[in-house]
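A.B. asks: Got a predicted model here, sequence first, then my questions.
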Amino acid sequence: MQNSPALPCDIVLFGGLGDLAQRKLIPALFQLDQFGLLHSSARILVMARKTMTTEAYKAHTLKRWQGMATSLTDEQRNDHDALEVFFSKVQYSSLDFQTPAGYEAIVDWLQARPASTNGEVGDKPVPQVYYLATPPSVYGDICCQLDRAGCISERSRIVVEKPIGHDLESSCEINEQLATFFDERQIFRIDHYLGKETVQNLIALRFANNLFASQWNHEQISHVEITVAEKVGIEGRWGYFDKAGQLKDMVQNHLLQVLCLIAMDPPAELSADCIRDEKLKVLKALRPITPNQIGTHIVTGQYTAGTVDGAHVPGYLEEDDANTHSNTETFIALKVEIDNWRWAGVPFYMRTGKRMPLKSSEIVIHFKPAPHYIFDPDQKHMLGNKLIIRLQPDEGISLRMLTKDQGLDKGMRLHEGVLELTFSEVFQSQRTQSAYERLLWEIIKGEQYLFVRRDEVANAWRWVDSLVETLAHANVKPKRYSAGSWGPVASIAMIAMDGLTWYEDA
Ligand SMILES: NC(=O)C1=CN([C@@H]2O[C@H](COP(=O)(O)OP(=O)(O)OC[C@H]3O[C@@H](n4cnc5c(N)ncnc54)[C@H](OP(=O)(O)O)[C@@H]3O)[C@@H](O)[C@H]2O)C=CC1
Ligand SMILES: O=C1O[C@H](COP(=O)(O)O)[C@@H](O)[C@H](O)[C@H]1O
């Protein structure tokens, strides 16, 4: 990315005063610009309901950045020259997205690009990116109005956020609306986990190292764990989260995408469709969880008040705007089985929750023990190598291996050692881009391999819908867990039924 040419683009950002735009998208665009990746002719039209001038928008954004968590360092927030250059590319315009009046402003703005700046890189037309950082309920209206105003052409791209709908049916409706106006190659469905450096690194780890490629199956791997633990609660998003829950907010998209990258077969080439074809096969092979598997294959939880980082935090039902009777899950643990040749008999244990003790996303691949054991019987439990892939924080890879313990008195006692690859040490001088920076960059380039295809969305929802039905059918209520713990004890019992423990318990 560092040596890439700066690219021209016209980006229309709908919902520019919203949380996502202010916390993630504008900072990411600023960083792309600061690191020389936005061409001097690049332009950003920010649209939101409120009437304000471009100057006022800039002031509002800079003020919000001071008080909110963004990917920006203090140094970047205070780089006045770079901010000046970036905001000279930004224009603000107010618009009610659902009414036609005002869309002419987009037409005028698009036409205002000087013809001389239209084809700077390889004579390709400058892409026009419509980024919908809005509730999905207005996607249809925005598309209709863009079409009516004549803003959609070959050079247009549309970007939509997760979640795409709240079930299969609603996601199909949204995808149908998008497809009415845009070809699939113009649609960029964001799952920001695909923009994380370490998530992409799964592809390099698996398909550039034959050492692993040849071991990556049911013959060598006993089980896999995927943990995505968050310290945060629902961050003032009760209205959205209570309707979604952790299953729809995190599993339907982020965890299933990570699972796909771990479980998929090697793609024939690194093209968007080859990668997405392989991910799709995994989604289609997910075995539904049935009502008689509750407790053995699925456990849900909801946090009560507790302590995180030494501070008291409220329970889910005491959050702002909370409804005291909600049964929405803030934690879920799953035992997932993949019905195909490669993974027959290999359980994938997944768990994700809010208000856990740590922010940690980690994959643990447990290799089977050697077939014949010749060492001390009391060390037999140590057998089986583990490959630990840390997605965040402290990104890196550890391989836990057994060696001989040193010393004359040790005989052939085994010692567990670690081969460690910590990315911050390996790439010391390099900055890690935020997920949104990388995704925006790929959108501007027109590369789709980090975005989710329509059929992936549908198949992920199909499986999640069946889980929702299973939970509803059995009238499952989430089990309580204290904020700052690793979820309900039932999730520890779930994996213990198979004679295992979650990795941090080891
Ligand atoms: N926030 C986050 O971290 C994440 C968000 N997302 C997704 O991104 C999208 C945006 O989320 P978020 O930023 O949190 O939502 P917000 O509600 O904070 O922002 C939405 C923005 O859209 C504007 N808007 C909505 N309807 C209209 C309309 N008819 N006319 C003009 N403006 C309108 C709102 O303006 P107004 O305030 O005036 O209503 C607001 O500026 C959602 O789809 C969400 O699911 C996905 C992952 C993470
Ligand atoms: O999409 C979402 O992701 C965040 C977690 O993202 P991370 O990059 O911080 O791991 C989650 O908190 C939020 O509820 C969800 O909507």
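C.D. replies: Okay, I see it. Ligands and ions are numbered 1, 2, ... in the order given.
A.B. asks: what sits against the closest residue to ligand 2 within the stretch 201-350 of the chain?
C.D. replies: Minimum separation of the stretch 201-350 of the chain from ligand 2 (C-beta to the nearest ligand atom) falls at residue 249, amounting to 4.8 Å. (Glycine included, C-beta is placed from N, CA and C.) Residues counted as contacts of residue 249 (C-beta atoms under 8 Å, 6 or more residues apart in numbering) are 163, 241.
A.B. asks: go with 7 Å
C.D. replies: residue 241 (C-beta atoms under 7 Å, 6 or more residues apart in numbering).
A.B. asks: Could you do residue 412 as well?
C.D. replies: Residue 412 neighbours (C-beta under 7 Å, 6+ apart): 375, 404.
A.B. asks: Can you tell me which residue of the protein sits closest to ligand 1?
C.D. replies: For the chain, C-beta to the nearest ligand atom, closest residue to ligand 1: residue 18, 2.1 Å.
A.B. asks: Quick one: neighbours of the closest residue in space to that residue that isn't next to it in sequence, just the number.
C.D. replies: With sequence-adjacent residues excluded and distances taken as C-beta to C-beta, 6 or more residues apart in numbering, residue 18 is closest to residue 133, at 5.5 Å. Residue 133 has 24 neighbours, counted by other C-beta atoms under 10 Å.
A.B. asks: What of residue 358?
C.D. replies: Residue 358: 16 neighbours (other C-beta under 10 Å).
A.B. asks: all numbers from here: first residue = 632
C.D. replies: Okay, using 632 as the starting number, the last item reads as residue 989.
A.B. asks: so what's it up against?
C.D. replies: Residues near residue 989 by C-beta under 7 Å, 6+ apart: 860, 862.
A.B. asks: What helix or strand is it located in?
C.D. replies: Using DSSP states H and E, residue 989 maps to neither a helix nor a strand.
A.B. asks: per-residue confidence at the residue of the chain closest to ligand 1?
C.D. replies: Listed pLDDT for residue 649 reads 94.
A.B. asks: just residue 751 next, same as before
C.D. replies: On the pLDDT scale, residue 751 gets 54.
A.B. asks: Also residue 747?
C.D. replies: Residue 747 is assigned 68 on the pLDDT scale.
A.B. asks: got it, and residue 1137?
C.D. replies: pLDDT, residue 1137: 42.
A.B. asks: ok, which residues in the stretch 782-931 of the chain are in contact with ligand 2?
C.D. replies: 861, 863, 880 (C-beta under 6 Å from any ligand atom).
A.B. asks: which among those gets closest to residue 771?
C.D. replies: Using C-beta to C-beta, residue 880 comes nearest to residue 771 of these, at 22.5 Å.
A.B. asks: and that closest one, that one's in a helix?
C.D. replies: Yes - under DSSP: H, G, I helix; E, B strand; the rest coil, residue 880 falls within a helix.
A.B. asks: Validate this expectation: residue 1112 resides in a helix.
C.D. replies: No - per three-state DSSP, residue 1112 lies outside any helix segment and is strand.
A.B. asks: Now for it: which residues touch it?
C.D. replies: 932, 934, 962, 1118, 1119.
A.B. asks: Surely the fourth one and residue 986 touch.
C.D. replies: It stands for residue 1118. No - the criterion here is C-beta atoms under 7 Å, and residue 1118 misses it with residue 986 at 9.4 Å.
A.B. asks: So what's the residue count around residue 1021?
C.D. replies: Neighbour tally, residue 1021, other C-beta under 10 Å: 19.
A.B. asks: same thing with residue 889?
C.D. replies: Residue 889 has 24 nearby residues by other C-beta under 10 Å.
A.B. asks: Quickly find the element holding the closest residue to it other than its chain neighbours.
C.D. replies: Ranked by C-beta to C-beta, 6+ apart and with sequence neighbours excluded, the top spatial neighbour of residue 889 is residue 857, at 5.9 Å. Assigned by DSSP H and E, residue 857 belongs to strand 852-860.
A.B. asks: Report the residue ranges of every domain in this structure.
C.D. replies: 641-792, 825-1131 (automatic domain parsing).
A.B. asks: In TSV: the ones you listed, plus distance to residue 809.
C.D. replies: Listed next are the domains of the chain as TSV, based on distance: least, C-beta to C-beta, whole Å:
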stretch	distance to residue 809
domain 641-792	6
domain 825-1131	8
